Every structure is written in C-alpha cells, then in structure tokens.
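**Student:** I would like to see how this sequence folds:
(2 chains)
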Amino acid sequence: MNQMQSADRVPRERWEQEQRSSPVREQPATTVSGRPVKPLYTPDDLPGKGDLTDLGYPGQYPFARGVHATMYRGRLWTMRQFAGFGTPRQTNERFKFLLEKGQTGLSTAFDLPTLMGLDSDNPRAAGEVGRLGVAMDTLDDMLVLFDGINLEQVSVSMTINAPAIVIMAFYLAAAQDRGFDWRKLRGTLQNDTLKEFHAQNEFVFPPEPSVRLVCDVIEFCTRHVPQWNPVSISGYHIREAGSTAAQELAFTLADGFHYVEQCLARGMAVDDFAPRLSFFFNAHNDLFEEVAKYRAARVLWADAMRNRYGAQSEASWKLRCHAQTAGCSLQDKQPELNLVRVAYQALAAVLGGCQSLHTNSMDETLALPSQHAVTLALRTQQVLAYETGVTNTADPLGGSYFVEALTRALQDDARAYFDRIQSAGGMIPAIEAGFFRREIADAAFAFQRDVDARRKLIVGVNAFVEPDEKPLETLIVDGQVEKDQKAALRARRARANSSDVRRCLSELRRAAATSANLVGPLLDAARARASVGEIMDALAEVFGRYEAKTA
Amino acid sequence: MGNQMPARIVLAKVGLDGHDRGVKVVARGLRDAGFHVIYAGLWQSPGAVARAVADEDADWLGLSLLSGAHMTLVPQVLELLRQAGVGDAGLLVGGIVPEDDVTKLLELGVARVFGPGTPIEEIALFLRGRETRRALELGERFRQGDRNALSRLLSLAARGEGQELVAGALASDAAARSASLGPRVIAVTGSGGVGKSTLIGKLIEVIRSAGRSVAVLACDPQSSLTGGALLGDRIRMPSRPDDLALFIRSLATPSGHSGVAPYVDRMIGLFGRFGFDTVIVETVGAGQGDTAMREVADVVIVLVQPETGDDLQWEKAGQLEIADIVVVHKSDLPNAQRVESQLRELLNLPGCRPVPIMPVSSSKGIGVQELWAAALACPGRPAAR
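**Tutor:** Here you go, the predicted model:
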C-alpha cells in the first residue's frame, strides 16, 4: 500500500502542477445546483471508503446500486408518458394511441379545476376546463376515460393531490363497475399533498387534514388494493419550483418520513404499507449530480426504514421511483434542442436506476404537446433502452470516485436539512413557517442570477442564440371543450338523484369529523354521482380551506 | 435602477395554476433592478388584480399564467383595469403563450408577452425603455415650455430621481438659447421669524415690475422624525395666478442638512433652462459656515433684525460670513440703527471684503428697490452648476 502511494506521488504532483498552470474556462465549474466540482476526484475524496469494497450489490441493502438484483437486464423501466387534455373522451383516445405506440403504462393529467377540487361549471374554472389535463367531474367521466382499456393489464398513474382520495374513489368505483378485481389493479396515485405546500400550490385543505386524507388512501389500499401505489412521494415539483438537487432529495424524503410516521401513529404495521410507498424524482440537466441523487435517496430511505422505523421486510427498505425529465429546463428558444436535453436527462434517470420514466415533449414550453412531439419523446426512451447499451449492467457509474463522492455529499446535505426541519418543529410547523418555500425560492433566484450573469450558459437562450427561428407546429385546445364538459355536467346533475347525493355528502361530513377512513363514504358518494366540487366543498366544511402563504 | 425613476409594478398569478417559480424570481429580480414590486400572490381573480393596480397606483401589472387560460383571463383583466380607471397602466403577460395568441394579446392592448426563461434583464430593459419613452415625452414637453413638465421635473430632481432626464432637460438647446447667461440666483437666508418670505414677496413685485421673470424655491425644514414638512412660505408671497413669469415652488429640507435642500442646484438649472432669468432661493438659517449657499447662489442676502438683546450672537456672526449683502430687516423698529452700526464694526474690518449693509422695511416698503439694485450690482459667482 505504502509502496503504491509513493509510486503514485510523482504523477500526482505532476498532474497538480499541470492543472494549476492550465487555463480555466470562464464559467465556474459548479453543478446545476451550484455545487462546486473539483477538477478531479480520487480515492482521497472517499475517506474511509477509498477502496470501494463496501459499495454493496444491486438489490441488496442499502441499495445504492439499485433496488433489483438484475436491474434493467431483468426488466426495462416502464415507459410512462403523462397525458390528458380536453374531455374524458379525447383523453381516452390519446391513451389508446399511446398504448398502440408501445407505451407500457398510462399516466393521467387532470385539468386545473379538477386538481383544485372545482367542478367545470365553477366560475373560478373559466378558461381552464380541459386545458392542462382532462376534465373530471363525476364517476361518469372516469368511466369514459378508461372505456375499452383493461385495467387489470395496464398500470395507471394518476397525477392528483388535494382531491386524490376523491379521484381514487371514482377510479375504484369505475373499475368495479366494469368488473375488474381491485386486487389486480396496478398503478399509482400521486396523492402527495405535502409537496403542494412546499412547491406546487395545488392545496385545498390545511396541512393536517390533507395528510390525514393521504393516509386514508394508504390505509385503504393496503387492505383492498394491494398492488396499487397509494402515494407517489414527489420531489419533481419541488425541483421544478427551483430547488437544488439536495433540497429535492431532502424535502421529498422528509415528506415520506412524515407519511410513515402518521401511518404508524394510526396503528398500521410498517411492513404492511411501506412496500407500496413510491417516489417520483426529477431528472435534471446535471448528469452526475442526478445519478448521485437517486443513489443517495435509496441509501437514506433504506437506512431510515430499517433503522429508524424498524421495518423488517426488505421490500419496505427499497425506494422505488418514477422519474420525469425536467420541464423547467426546457426552453422556448430553438425548441428542438429540448429533444437533446430530454435525452440526456433520461439517461441520468436510467443511470440512476429509476423504475419508470416520463420524457417531456420538446414543445412543452410553447403549448400542450402535439402528437408528433409526444411520439418523439417516447421514441427517445426506446432508443435509450434498445440502442445505447446502458441497460446491460446494473449501476454502471457505481465506483466512480466522482459519483460516489457526490452520492455521499448529497446524503450529508439531506441529513443537514432533516436536522433543520426538526429544529423548525417538524414538518407541519416548518410548512406553516414558510421554511420550504423560502429555501426553494432562494435557490430559484440564485440560479436565475447565474443565468442572467452568464455564469451558467443555456444554449439558445444566453449563448448560441439563433436570430431567426421557425415556429413549431403546436396543439390547439379549442374552447368547445369547456362548453361540452359543462353541458355534460349539467345533464348529470339533472339525472342524479339529488336526495341520494345529499345523503351521501352528509354521511361524508359526519365521517370526516371523526377519524374514520373516508374512502368508504367517498365510494358511496361517487356511485351516487356526487361531483368532485360537491365532495370537496363538503369536506371543506369540516376541514376548512388553507390560504396560500407566499415566500 | 440607477438613473431612472423607479416604476411600481404589481405582479400576480391569475387563474388556478400554482406555478409561481417564475413570477417570484421576476419579483426579486425587478426589485434588485430598482423597481418597486408589489407581489399579489396566487389565484388572483381579474377583479382583484385590477383593484391592486389602482390602490397601489402602479405603473405596470405583470400577470403570470402557465395554465393556458390567458385568452379568457387577460381580456377580463384589461376591461377591469379600464373600469377601475387605470387603463393606462402597462400590462405584461408572462408564461406559456402560443405565438398566435401573443399577436392577439398585443392587439388587445397587452404591452408585451414574455415567454419562459426570459432573462430578468430583458424585462427590466423593456420597462426602462418604456419609462424612458415616458421620460422623453416629459423632456419634450419641458422644452416646449409646458409648466407641468417643469413641475414634474422639479419633483424628480428634488427626490434625486430621473437624473438622466433632468440632465437632458438641463442640456436642452432651445432652453439654453433663451437663458444663455443663466439666471441670476439670489439666496435669502436668516433665522426664523426674520421675515424672509415677506421680503421675497416684496422683491417679486419689484422684479416683475422691472420686466424680469422670477422663480422662487422656498425651503422649509423637514421633520427628522416623520419626514413630513409643512411648507408655508407660499402664503406670504404674492398670489398672481395669471402671471406665467412667476413660479413658486416649495421644498422640504432634510434635517441635519445645510440650509439648502439637496439637488437645489439642479432645480435652479431647470428654472434657468425653462427661461426664468431670476431665481430666488429662500432657506432656513442653517447656522455657521453654510457654504453650500455660496455654491449655488450668485448673491447671498442674510437677514438680521433689531434684537432685544445687546450684542449680536456668535451664530449670527458665523452666518454673516457667507453674506454678500446684509439686510437689517424691519428697519422701522427701534434698535435698528444700533444693530446697523454694530454690523459695520464687525464686518468692515480693514483688509476684509466690504459687505453692503442695507436697512429694509418690507411693511413700509422701504429699501426693497435699493436691495434689488444692489443684488443686481453684486459681482456674482459663475457658479459650479
């Protein structure tokens, strides 16, 4: 060993000398999160682990190298493109189109009124119906949305949070109506309201009842829909709001810990529900930092689940995650370049060991994605999976001094944040004090300053600008959707038995005031054709509404 | 924002989308660029933002929309701005807006649409450009002799704002021709109660009957506690609403500063460029060594009045150092003679510059004409301005 070190000394000293006297580029060498990067990483950057023998193995605790023993040699990640716009019928057609093109899972986007728990005919919904996702008012809409799709064979993801429990009740009622077995349903409900308070701002109720609803779904699914992921603990939106990689990692895991603690507090056994907790991370531009982030997330989660929460089952220790490329990194200048950005980001997610992936469309900064752009985005994943060879071995970057050092640094940063959240009084007090929003807004501003000062270059934006650009063809959602959806809702209101609806809603309010699980009463309300807005209003009478605090 | 006047801008998210990263970054960035930014927050209705613009007296409204609902919400906002009487506030839209819609929004009256990733600097430049255009209009009106433009520029100069604009007005050719020699600047100072405003009132009459135009800058002290000021000198000066050759402007002097308000030289310059050939600056007696006065004025007139006590106080003596002319005001009062002779002893020592000492009574109308003649005869100082 000593001999080796002395043999290493001469080239090392020469390297140090040469790199010191070499010219350095103008832009500082930092990650996209502003983390300084050294010119070279060596075993010295991994004190105590320099020989890397304790890296571990894929599928083995603490899972730095992945949650499955074979990783993508065994099974590729699920290619899951987020889709939804217009009426349930229009989105149903897009779903069928994507399945035909070889997509292996469905991912549903809801429109803003639905995400905020409003009916399509609410005045606040004007101009927003069916625009950013599919409009959903009653169980009938859910039946149309998945018409002709075998829900026992396709896994379905639904991106919804504040009203997630309502939409889940609609989905379960629809599946039952079509004769599908709940125990065979596979998919994911985002159902993560904590990050709404940090970043995404689609919250309705105050933090505590919001968390209670999340846990009601976890509890119900644990018993009745065992293959379903009842929550997707999401860092994606935190990152989109401008956080650093370390903040995304830390805040997401802290949210996860909070859900675990709340489930434990209601007497659930950790190994009953923990295996179905899933995660959702961003795949941003900085390739190595992103890979390190996924690896660090798995180690931190495994450690906490095993050592802090006492989980015995290995399945409880494994952090499984969906990834999506970073919408916020896409530019409206030279938008075809977004294809390239998305490809590198997808590579980061795959090298980081994600279980499913959404690749963004190149035209997202201009409009809702066109059919052409969506196809290219999916094809990007297929090229990655079938042509690049990155799937042949597990954790191909494991053992890289740089990636290992970054993986450790991110863990350290996350732990420091866990301490800060703790000293702010825990999750809910930290939310109420605006801690997360402030941290994220500071990071977002620092990044924009770097871009404006050209310390960070963005091709087509502050470097290599193209004077004359040809516009892309984009998708146009017509105003007819809003009219159609409102007409449909009116018809349903007329058809629904109003005394049935009233009875279900008052039962719901009564249950909400106790600690009872609300999925059952919500299934009844769904079947009676109560609308999303009516249900959310009933719950708001009990829970109150939360006012946005700005950072 | 450096040399331009800071504009006020209300920023808000309208509609349901919660993507506030961009608008928050813009808020901070514009703040750092020197704008006054009012962030109204999430989920604002068109009515709420129009109200905010009106109540905040904002120059600009910036709406952030990433939901695609812009064609529904923006026309509503424009209409409500008009209804609130603030239709002239500039409307900016930020977010994901397709090219065709951008054209439509601009036609509707939106000033500019900024897409994702727009550098803050670009937004700041745009706003500054617009402010500069507003400023250029102001400069043009000033050159054409618009008194309201003069008033506005005086306000800007007094607040230390719009420096480029003021400098531009000062350099304007047309005005320079009509005032090629610059105005005669006369500072009138003295302790409170000595009768400065009253004397200036009389001087105005004399100057106007001599056919000269005159502008007055009346400085009053500003409370160091509240920043407020009651500017009461105007009431002791003649009210001549139809006399366009007379301009009276009140000005608060920050406490702790010398008797002359900051930026007073620029204000004098503005009067000169506008065509006034006489400028009188009334200042509070600021105690000893007020050399600032000598820097801005051709002639410094110090007022004293017959004291009840015996000798002149030391601070009076300090004030006298800056005088080009000393006026024994209220010369009809007893003791005036004695004060006058004391002054002669004090000021006209061998080897010192001779300082005229003139008895004046504003109430009796004695000595004002002579004072004006002396002020004109004074050699004056080609001031630094």
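**Student:** any idea how far the residue nearest the centre of chain A is from chain B?
**Tutor:** Taking C-alpha atoms, centre = their mean, the centroid of chain A lies closest to residue A:280, which sits 3.2 Å from it. Counting by C-beta to the nearest C-beta, to the nearest Å, the gap from residue A:280 to chain B is 17 Å. To be clear about C-beta, it is placed using only N, CA and C from the backbone, and glycine gets the same treatment.
**Student:** quick one, what contacts that residue?
**Tutor:** Applying C-beta atoms under 8 Å, 6 or more residues apart in numbering or on different chains, we find residue A:280 in contact with A:190, A:192, A:232-236, A:321-324.
**Student:** Let's see that with 10 Å instead.
**Tutor:** With contact set as C-beta atoms under 10 Å, 6 or more residues apart in numbering or on different chains, residue A:280 has these partners: A:157, A:159, A:188, A:190, A:192, A:195, A:229, A:231-237, A:252, A:321-324, A:354, A:356, A:358.
**Student:** So which of those are in strands?
**Tutor:** The subset of the contacts of residue A:280 located in strands under the criterion DSSP state E comprises A:157, A:159, A:188, A:229, A:231-234, A:321-324, A:356, A:358.
**Student:** Spell out which two among those are the most distant pair, please.
**Tutor:** A:231 and A:358 (17.6 Å; C-beta to C-beta).
**Student:** what's the average pLDDT for whichever strand or helix holds the residue nearest to the centre of chain A?
**Tutor:** For residue A:280, the element it lies in under DSSP states H and E is strand A:277-283. Per-residue pLDDT over strand A:277-283 has a mean of 98.
**Student:** Likewise for stretch B:326-338?
**Tutor:** 85.
**Student:** buried ones in it?
**Tutor:** Going by neighbour count (16 or more other C-beta atoms under 10 Å in any protein chain shown), the buried part of stretch B:326-338 is B:326-331, B:335-336.
**Student:** Next step: the residues you listed restricted to strands.
**Tutor:** B:326-329.
**Student:** Residue A:530: what's it in contact with?
**Tutor:** A:137-139, A:166, A:169, A:496, A:498, A:500-502, A:504-505, A:508, A:522, A:524, A:538.
**Student:** buried ones in the lengthiest helix in chain B?
**Tutor:** Looking across chain B with DSSP state H, the single longest helix is helix B:120-143. Neighbour counts over helix B:120-143 (16+ other C-beta under 10 Å) mark B:120, B:123-124, B:126-128, B:130-131, B:135, B:138-139, B:141-143 as buried.
**Student:** of those, list those near chain A.
**Tutor:** Of the entries in the buried residues of helix B:120-143, those that also sit close to chain A under the rule C-beta under 10 Å from any C-beta of the partner chain are B:120, B:124.
**Student:** among the helices and strands of chain B, which has the poorest mean pLDDT?
**Tutor:** Within chain B, judged by mean pLDDT, DSSP states H and E, the helix or strand with the poorest mean is helix B:173-178; its value is a mean of 50.
**Student:** before we move on, the earlier item: let me see the mean pLDDT of the very next helix or strand once past the strand holding residue A:280.
**Tutor:** For strand A:277-283, the following helix or strand on the C-terminal side (DSSP H and E) is helix A:287-303. In this model, helix A:287-303 carries a mean pLDDT of 98.
**Student:** And stretch B:100-107, by the same measure?
**Tutor:** Taken as a whole, stretch B:100-107 has a mean pLDDT of 93.
**Student:** hmm, that stretch touching chain A?
**Tutor:** Yes - for stretch B:100-107, a contact with chain A is found by C-beta under 10 Å from any C-beta, at B:100-101.
**Student:** Give me the contacts around that stretch.
**Tutor:** A:367, A:471, A:474, A:476, B:68, B:70-71, B:74-75, B:78, B:91, B:93, B:97-98, B:110-115.
**Student:** again, only using 8 Å
**Tutor:** B:70-71, B:74, B:93, B:97, B:112-113.
**Student:** Likewise for stretch B:325-337?
**Tutor:** With C-beta under 8 Å, 6+ apart as the test, stretch B:325-337 has contacts from B:190, B:194-195, B:199, B:299-308, B:320, B:339-340, B:343, B:347, B:355-364, B:366-367, B:371, B:374-375, B:378.
**Student:** Make CSV out of the ones in strands among the contacts of residue A:280 and add neighbour count.
**Tutor:** Formatted as CSV, the ones in strands among the contacts of residue A:280 follow (neighbours: other C-beta atoms under 10 Å in any protein chain shown):
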residue, neighbour count
A:157, 24
A:159, 24
A:188, 24
A:229, 25
A:231, 30
A:232, 24
A:233, 29
A:234, 33
A:321, 27
A:322, 26
A:323, 29
A:324, 28
A:356, 23
A:358, 29
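**Student:** which one of those is nearest residue B:280?
**Tutor:** Proximity of the ones in strands among the contacts of residue A:280 to residue B:280 was ranked by C-beta to C-beta; the top entry is residue A:234 with 70.7 Å.
**Student:** Was I right to think that closest one contacts residue A:195?
**Tutor:** Yes - here residue A:234 reaches residue A:195: they are 5.0 Å apart, a contact under C-beta atoms under 8 Å.
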